[in-house]
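Trainee: coordinates only, sequence not included:
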């Protein structure tokens, strides 16, 4: 049903360009995220050049989503205040045209966040980011995972991702050794990264925030959302490779990742990105 | 009233074995813990090889405690949602037979958590972990401490620990330069560790989570709860010794502790553990 | 309207003395702060020698503020429980004479915290710490900032700071490349620090906690509040300079800052502080 993946040169160039833009004009990046990773997420955003703001209360989240360049909603620890603030923020982002990312942490197994993620999907996220189990659960399929772990493979989740993207008109990113990103028609794969990202808390959650920052920066220049999400992924996973080279374990990796995000050169992004893309036959009317 | 402490060789061997098991089959470790240390605690669990999940809301905590291998409830920042979720989780763990650890942070001085800890005790924790002041307060004695600091010594808390263990049928671990762990009859002392553990936040709280992980791994092989708690303590404090050798201060210690937890070899645990045990006369009916 | 700034030698000496006192008798420092920086703030307090306690729930915050040596209230993520606990704590501190610091994060733009900060001001903080935009907003002026960023300069905020200090009888500290601290009459400037402090989350928030610790230690020896706030700033920003010398980026800077806070010698504080003071004409009745 689809063409083979072909190496992309345009997306790495766009990633380098967006990284430069993020650093030149820090996108105000609004995060409603779980209490485990708030500090690390803010530090990741600061390191890459963005300006984080964690505004997660009712009466402020909606207003702020309208002012921000990009928004992340992560369902990792969805207490009642955050649930209400998330819905307020998503509605505010939708009204203002602020691009936003939904990271449906641990949906499927846990009932409260699963219901919340369903409501949030209806508020039209620009992108959804998750591990294979989460994407399968969100699409109404899958083995359910066991919380924050992914028991399914990215490939097995690709059909679910495309179906989610089609149905909700969003970009869907599936994390894994190879990250897959789709808008339902196009599929981009990114082969950068390091397994140490799975040995620190927030390794995936913080990438969702970087996606929101790059979507914000990209919107200002009319960038394609699929490409902005791919750009964020490429920059983040290339920085992870740089960090992994100099460390002794997961503790020093988390520290080195922040240093690498601050130091990564746009030229390196172009040189090191392992990005391929394909176009499914659907677009050609073959479905 | 009791025999002198004798060096143990069986507990270090069991600690090495449980560490290997944790890494081979990561126990899903459910934590309801304070907002100060959630990130560090998750990173400690990931580093040692366990799989953390911070599920602290009503409607999910009970379900998840039934799925998890082990559960930690820490009363450090017990907002109303966490209090209700803690009771739900403890009940869920009790029903499902999931071993769980209560870390009654700052009980005694502060009324809300003191009442909560009393309720939680009735839900039959597998183990209680605290500093001497907390253990004395929980046993209805002691000077009260002054929050998170321990003003009392482990030895002064040992009688309180034994009485708590007797009354509630749990293991009680008292932290200090020498850690003491008792089930009311047996007492295990562990002489590993480093004072830098008291110079970082979460140094003790994260150990509670490691105990939950080791109890989970231990349950699968029928390990004794006292030994599983001792094993967690030995692995953690030996890693702390490794970390302390290579650092310049508390910031780099916290980072190096994560690296050391990921890198510590089971062979080192056997070689370096300073564990002694005694059996009180009670068991022989001498009380 | 005011005398030029003159180098101060007495404040550096007092800073060195207070640092020694903090380490000798760790002030119990009560923090109600935002969920992004709780862990880092606690680690900063531990590193400098203070004893942190994050007590942010209703029913405990008021009691604990009476027991603590110093209190920080930071409005970064003011959920309903924290808002109520903040008012309870501020009232408790006021009753007990506990010095306390208000850090009005992102006031001006966001309505809920702006109202809260107004209420807290009426409960008489000993000191207020903010970036220029926050201080201008709190004084009812300014461009509003855009959340946690400061769009205004410290100098532009100095008049607002003096007016706030006059009106509420508190010390006001305005952060920036040069920190300015005033009690309405006197102005102290501190030229230490490093821009990396703005590239990590909590760089400013944690300083508010150190101010609370130094106010607590200073109160015990009858130190002037303006000088205690200046001492905290000098110690913290000198440690930041030490840390900046040895790092590769923001990740390693945050770690090295903790090491530097633990290692900074009082002698270095005296030698390296760049502190100047002036007295405005107001005091001489010239206004």
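Mentor: Great, that's in hand. Predicted model only: the values in this text are computed from it and were never measured.
Trainee: isn't residue A:26 up against residue A:48?
Mentor: No: checked against Cβ atoms under 8 Å, the pair residue A:26 and residue A:48 is beyond contact range at 9.3 Å. All C-beta atoms are positioned from the backbone trio N, CA, C, and that covers glycine.
Trainee: neighbour count winner among these two?
Mentor: residue A:48 (27 against 20; other Cβ atoms under 10 Å in any protein chain shown).
Trainee: and the more buried one, what's its pLDDT?
Mentor: pLDDT recorded at residue A:48 is 98.
Trainee: now it: closest residue in space, sequence neighbours ignored.
Mentor: Among residues not flanking residue A:48 along the chain, residue A:261 sits closest, at 4.6 Å (Cβ to Cβ, 6 or more residues apart in numbering or on different chains).
Trainee: that neighbour - how many residues pack around it?
Mentor: For residue A:261, using other Cβ under 10 Å, the count is 28.
Trainee: residue A:200 now?
Mentor: Residues lying near residue A:200 (other Cβ under 10 Å) number 25.
Trainee: now do the contacts for it.
Mentor: Contacts of residue A:200 were listed using Cβ atoms under 8 Å, 6 or more residues apart in numbering or on different chains, and they are A:40, A:250, A:253, A:254, A:257, B:43, B:46.
Trainee: kindly report the residues of chain A close to chain B.
Mentor: Contact residues, chain A versus chain B (Cβ under 8 Å from any Cβ of the partner chain): A:34-40, A:76-80, A:106, A:109-113, A:146-149, A:199-202, A:247-252, A:254-255.
Trainee: drop anything exposed from those residues.
Mentor: With burial judged by 16 or more other Cβ atoms under 10 Å in any protein chain shown, the buried subset of these is A:34-40, A:76-80, A:106, A:109-110, A:112-113, A:146-148, A:199-202, A:247-252, A:254-255.
Trainee: which of these fall within helices?
Mentor: Among these, the members found in helices (DSSP state H) are A:38, A:39, A:40, A:80, A:112, A:113, A:250, A:251, A:252, A:254, A:255.
Trainee: can you list those in a markdown table and add pLDDT?
Mentor: Shown next, in a markdown table, are these (pLDDT from 0 to 100):
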| residue | pLDDT |
| --- | --- |
| A:38 | 98 |
| A:39 | 98 |
| A:40 | 98 |
| A:80 | 98 |
| A:112 | 97 |
| A:113 | 97 |
| A:250 | 98 |
| A:251 | 98 |
| A:252 | 98 |
| A:254 | 98 |
| A:255 | 98 |
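Trainee: what is the nearest of those to residue B:276?
Mentor: Among these, residue A:251 lies closest to residue B:276 (Cβ to Cβ), at 30.3 Å.
Trainee: what distance do you get for that closest one to residue B:49?
Mentor: 14 Å (Cβ to Cβ, to the nearest Å).
Trainee: can you check residue A:5 too?
Mentor: 34 Å.
Trainee: comparing the two, which residue is more hemmed in?
Mentor: Neighbours were counted for residue A:5 and for residue B:49 using other Cβ under 10 Å; residue B:49 has more, 21 against 16.
Trainee: how about the residues of the stretch 151-287 of chain A that lie near chain C?
Mentor: Residues of the stretch 151-287 of chain A lying near chain C (Cβ under 8 Å from any Cβ): A:254, A:255, A:256, A:257, A:258, A:259, A:260, A:262, A:263.
Trainee: shaky segments in chain A?
Mentor: A:1-4, A:141-153, A:281-287 (pLDDT under 70).
Trainee: can you do 80?
Mentor: Low-confidence segments of chain A (pLDDT under 80): A:1-5, A:141-155, A:280-287.
Trainee: could you pull out the strands for it?
Mentor: Along chain A, counting by DSSP state E, strands occupy A:6-7, A:28-32, A:51-53, A:70-74, A:100-103, A:127-130, A:171-174, A:179-182, A:186-190, A:275-279.
Trainee: how about these in JSON lines, adding mean neighbour count?
Mentor: Converted to JSON lines, the strands of chain A look like this (neighbours: other Cβ atoms under 10 Å in any protein chain shown):
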{"stretch": "strand A:6-7", "mean neighbour count": "12"}
{"stretch": "strand A:28-32", "mean neighbour count": "29"}
{"stretch": "strand A:51-53", "mean neighbour count": "25"}
{"stretch": "strand A:70-74", "mean neighbour count": "32"}
{"stretch": "strand A:100-103", "mean neighbour count": "30"}
{"stretch": "strand A:127-130", "mean neighbour count": "30"}
{"stretch": "strand A:171-174", "mean neighbour count": "30"}
{"stretch": "strand A:179-182", "mean neighbour count": "26"}
{"stretch": "strand A:186-190", "mean neighbour count": "24"}
{"stretch": "strand A:275-279", "mean neighbour count": "18"}
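Trainee: which one of those strands lies closest to residue C:93?
Mentor: strand A:51-53 (27.9 Å).
Trainee: who does the closest one touch, helix- and strand-wise?
Mentor: strand A:28-32, helix A:38-48 (3 or more Cβ pairs under 8 Å, 6 or more residues apart in numbering or on different chains; DSSP states H and E).
Trainee: quick one: list the elements packing against the first one.
Mentor: For strand A:28-32, the helices and strands in contact under the criterion 3+ Cβ pairs under 8 Å, 6+ apart are helix A:38-48, strand A:51-53, helix A:61-67, strand A:70-74, helix A:80-96, helix A:205-220.
Trainee: again, 6 Å this time
Mentor: strand A:51-53, strand A:70-74, helix A:80-96, helix A:205-220 (3 or more Cβ pairs under 6 Å, 6 or more residues apart in numbering or on different chains; DSSP states H and E).
Trainee: in the longest one, which residues are buried?
Mentor: For helix A:80-96, the neighbour count (16+ other Cβ under 10 Å) marks A:80-94 as buried.
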